[in-house]
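A.B. asks: Sequence plus predicted model, see below.
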Amino acid sequence: MSQFDVSAVQADFPILKRLIRGNNRLVYLDSGATSQKPVAVLDAEREFYTQHNAAAHRGAHQLAEEATELFEGAREKVAAFIGAKVDEVIFTKSATESINLVAYSFGNANPGTKFHIKAGDRIVVSEMEHHANLIPWQELAKRTGAELVWLSVTDEGRLDLSNVESIINAKTKVVALTHQSNVLGTINPINEIAKYVRNIGAFFVLDACQSVPHYAVDVKKLDVDFIAFSGHKMLGPTGVGVLWGKQELLDEMPPFLTGGSMIETVTMESATYLPAPKRFEAGVPNMAQAVGLGAAVDYLNRIGLEKIHQHEVELTKACIEQLSQIPQLKIVGPTDMELRGGVVSFTLDGIHPHDLGQALDQYGIAVRTGHHCAWPLMKKFKVVATTRASFYLYNDSADVEALVAGVERARDYFLGR
Amino acid sequence: MELDSLYQEVILEHYKRPQNKGLLPNQTVQVHHVNTSCGDEITLNLKMIDGTIAEISWDGVGCSISQASTSVVSELLKGKDSAAALAIIDTFQAMLQSKGSDSGDESVLEDGVAFAGVAKFPARVKCALLGWMATKDAISQSLELTSNVKKEQR
């Protein structure tokens, strides 16, 4: 039974009415890559441009005032959504930029300051990271001479914490982990890991791209220092991401991108910088996108994240159960719903994911195939690629059934010939 | 059905029974190519004798399109000299980048024309080209080797 009126939700997403490859209903199972957008978000963005467009934080005219108010209003909405203080929310262009912001800021820190990373220090990630939470740390390690170390993943697709104390050791300056794997669906026990991070006083950076859109995330309860997430995976527009950080850290961190909007005073020789969030928002900001994200937050709040999560848990459970009936199919990731989100990766014996995805597309079913920007994880599970279905609030049990029938049909197409 | 235009019988045949799969030793050049968008990779050994392709052997993992296509190129170019081989590769590439307007010359491409349908699926063009671009790279490298040897002899 549904937690809310799913068909009413579906009606808010115009793209779901599209027909695909002929006369097929669109079965969109790729929200883990990007979500679809409700009319309310599209309207908010459009209204910003048609009624209020001006450069925020500049100009004495009415439109500039309105643009500023809308942009800052979006910040308030996002802050409330994750239980943060308003000034702790920084708008970036993407979650990728958010993580790079932290890595580059640390890299810019002077020797002797608390953010400085040097040879002999350790940066800890995990084997299940998306490239966005791996490469920035690889690069920071290269630039500073720090050592990059990682937590392994068990065969069940959970973080291997058996050696956590030798990995997160006294040398560790940064621990950067994903909240939920974009491939396996695994939700990591952040609070448990936070204890080790706190013990040695390292900074804890959390990639929350797959969690914030789908269930309640309260930064006060998480006990981490930074979280990064993207707008477009949570019904918002592309081109806007969020970095949340603890205020006392943000205000002391060196800037990443520099220029207008982020300065206090400027001479020809030097400049001083504003506190967060402006310190990290150089240039005219992505106002319409932030406003769209604010509307997305309103939309999610109206349905309720608890209900959305329950809905996704039900769909995921049904999906895993039904897919597991297919003899040639293997789920990559946990098969129980304990600490698990709405992402299901799988392989099918004898059929490459790219071929499977192609056949599913022909039936109107949109899934992700490939390495999911998590190449090391693919190697760990000894697969080249997987097929991934990911769920959101507008999916329903008919979508799950379409996927399962589609996989069977594709299997017969390739293996039956 | 449209899927059949992509997955021609010839392609599935080559996928199930790939030709020249398994690396042979004593190659002139070895290349390794990766499709960065999906992770497919192949290693390809090219053996040249007197400017002619004596052997193309390969190994790798990938989708049916990339595996079948590599199988086809490894068979088709055997016995051709470098210039002829490169011309055939260009013909194949032009067909795949034609968005479906070029159905391919069977007298030149033989089994390769089965991939004409791939051109209508932009996301799969790279799959079909993987083995061909690896072969092109290997031929170019072998030509460089030859010209370096000639320079040294001068």
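C.D. replies: Yes, it's here. Numbering: from 1, shown residues only, chains lettered A, B, ... in the order given.
A.B. asks: where does the stretch 251-400 of chain A come near chain B, residue by residue?
C.D. replies: Contact residues (Cβ under 8 Å from any Cβ of the partner chain) of the stretch 251-400 of chain A with chain B: A:352-355, A:358-359, A:362, A:369-371, A:375, A:378, A:384-385. Where C-beta positions appear, they are placed from N, C-alpha and C, glycine not excepted.
A.B. asks: interface residues of the stretch 101-250 of chain A facing chain B?
C.D. replies: Counting by Cβ under 8 Å from any Cβ, no residue of the stretch 101-250 of chain A is near chain B.
A.B. asks: Which strands and helices lie in contact with the helix or strand harbouring residue A:411?
C.D. replies: Element membership for residue A:411 (DSSP states H and E) is helix A:397-415. Judged by 3 or more Cβ pairs under 8 Å, 6 or more residues apart in numbering or on different chains; DSSP states H and E, helix A:397-415 is in contact with strand A:27-28, helix A:305-323, strand A:343-348, helix A:353-362, strand A:365-366.
A.B. asks: what about whichever strand or helix holds residue B:123, near chain A?
C.D. replies: Assigned by DSSP H and E, residue B:123 belongs to helix B:122-153. Yes. Using Cβ under 8 Å from any Cβ, helix B:122-153 comes into contact with chain A via B:124, B:127.
A.B. asks: Could you pull out the buried residues of that helix?
C.D. replies: B:124-139, B:142-143 (16 or more other Cβ atoms under 10 Å in any protein chain shown).
A.B. asks: orientation of that helix relative to helix A:353-362 in degrees?
C.D. replies: 150 degrees (axes from the mean of the first three to the mean of the last three Cα atoms, to 10 degrees).
A.B. asks: How far away from the center of its chain is helix B:122-153?
C.D. replies: Taking Cα atoms, centre = their mean, to the nearest Å, one finds the center of helix B:122-153 at 10 Å from the center of the full chain.
A.B. asks: any idea where the strands of chain B begin and end?
C.D. replies: Under the criterion DSSP state E, chain B contains strands at B:29-34, B:41-49, B:52-61.
A.B. asks: ugh, wrong one, I meant the stretch 151-300 of chain A
C.D. replies: Taking DSSP state E, counting those that start in this stretch to define them, one finds strands in the stretch 151-300 of chain A at A:172-178, A:203-207, A:226-230, A:241-245, A:263-266, A:271-273.
A.B. asks: thinking again about what came up before, which one of the strands of chain B lies nearest to chain A?
C.D. replies: strand B:52-61 (4.7 Å; Cβ to the nearest Cβ).
A.B. asks: Give me the helices and strands touching the helix or strand of chain B with the lowest mean pLDDT, please.
C.D. replies: The weakest-scoring helix or strand in chain B, judged by mean pLDDT, DSSP states H and E, is helix B:2-6 (a mean of 88). The elements that helix B:2-6 packs onto, with contact taken as 3+ Cβ pairs under 8 Å, 6+ apart, are helix A:353-362.
A.B. asks: Give me the contacts around the helix it packs on.
C.D. replies: Surrounding helix A:353-362, the residues in contact under the criterion Cβ atoms under 8 Å, 6 or more residues apart in numbering or on different chains are A:20-21, A:24, A:347-348, A:366-370, A:384-387, A:403, A:406-407, A:409-410, A:413-414, B:1-3, B:6-7, B:38, B:40, B:62-65, B:121, B:124, B:127.
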